[in-house]
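Visitor: fold the following.
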Amino acid sequence: MKRIDRGTLDTLSARARSDPRRRRNLNLHASYEEPCQRLLNALEPGTYIRPHRHWEDAKPECFLGLRGTLALIIFTGEGAISDILRFGPGEETFGADLPPGIWHTVVSLASGSVFFETKPGPYRPMTDKDMAPWAPAENSPEAGEYLQKLVAAVATA
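Guide: Numbering: from 1, shown residues only. Next up, the predicted model:
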């Protein structure tokens, strides 16, 4: 059994704050081969997750906010924002169940934000994500400005 308590979230958030990517995950599954992938994701403001979809290895995902405030941003195939869902324990919405093939990203709106994610396994790193061709790559010079636009869109939604 793996206990998920305040200390677990505190430790994971501290690791995310000190990570250059401003995020850290904790796998609860023992291997990528398990039929159910379960993990905690700690995201700090300023982390950029390139919009993506799960297309080739089409699998649904479920997100549940445990702490802080996050936003799930949904895009059209051309890269326009089609929906913004703020979620977390202090929000009206606690999470979302996302069908496969939907372009999306998650942004952190508060320090210490953590969400639980689950999706079917096995996890195949090479085919898991189809990165959006209209969004800048992580660590590219354009990524920071693009993230600022996403956060601004959440603020005005």
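Visitor: in its sheet, what does the helix or strand of the chain with the lowest mean pLDDT sit against?
Guide: Least confident element among the helices and strands of the chain, by mean pLDDT, DSSP states H and E: strand 130-131 (a mean of 94). Strand 130-131 has the following strand partners under DSSP bridges: strand 52-53 (antiparallel).
Visitor: quick check: next helix or strand after the strand it pairs with?
Guide: strand 61-67 (DSSP states H and E).
Visitor: run the chain-centre distance for the helix or strand following that next one.
Guide: Once the chain leaves strand 61-67, the next helix or strand it forms, by DSSP H and E, is strand 70-75. Centre-to-centre, strand 70-75 and its host chain are 9 Å apart (CA atoms, centre = their mean, to the nearest Å).
Visitor: what's in contact with strand 70-75?
Guide: 43, 51, 63, 81-88, 96, 98, 102-109, 113, 115, 132, 150, 153-154 (CB atoms under 8 Å, 6 or more residues apart in numbering). (Each C-beta comes from the backbone N, C-alpha and C, glycine too.)
Visitor: so how far is stretch 33-41 from its chain's centroid?
Guide: For stretch 33-41, the distance to the chain centre is 14 Å (CA atoms, centre = their mean).
Visitor: identify the residues contacting it?
Guide: Against stretch 33-41 from outside (CB under 8 Å, 6+ apart): 4, 8-9, 12, 23-29, 66, 106, 114-123.
Visitor: restricted to helices, list these.
Guide: Cross-referencing the contacts of stretch 33-41 against helices under DSSP state H gives 8-9, 12.
Visitor: just among those residues, which is most surrounded?
Guide: Each of the ones in helices among the contacts of stretch 33-41 was scored by neighbours using other CB atoms under 10 Å; the highest score is residue 12's, at 22 neighbours.
Visitor: who touches that residue in this structure?
Guide: So residue 12 contacts 24-26, 40, 42, 114 (CB under 8 Å, 6+ apart).
Visitor: now it: how far from residue 30?
Guide: The gap separating residue 12 from residue 30 is 18 Å, by CB to CB, to the nearest Å.
Visitor: what helices or strands is the helix or strand immediately after the least confident helix or strand of the chain in the chain leaning on?
Guide: Per DSSP H and E, the first helix or strand lying C-terminal to strand 130-131 is helix 143-156. Using 3 or more CB pairs under 8 Å, 6 or more residues apart in numbering; DSSP states H and E, the elements in contact with helix 143-156 are strand 70-75, strand 81-87, strand 103-108.
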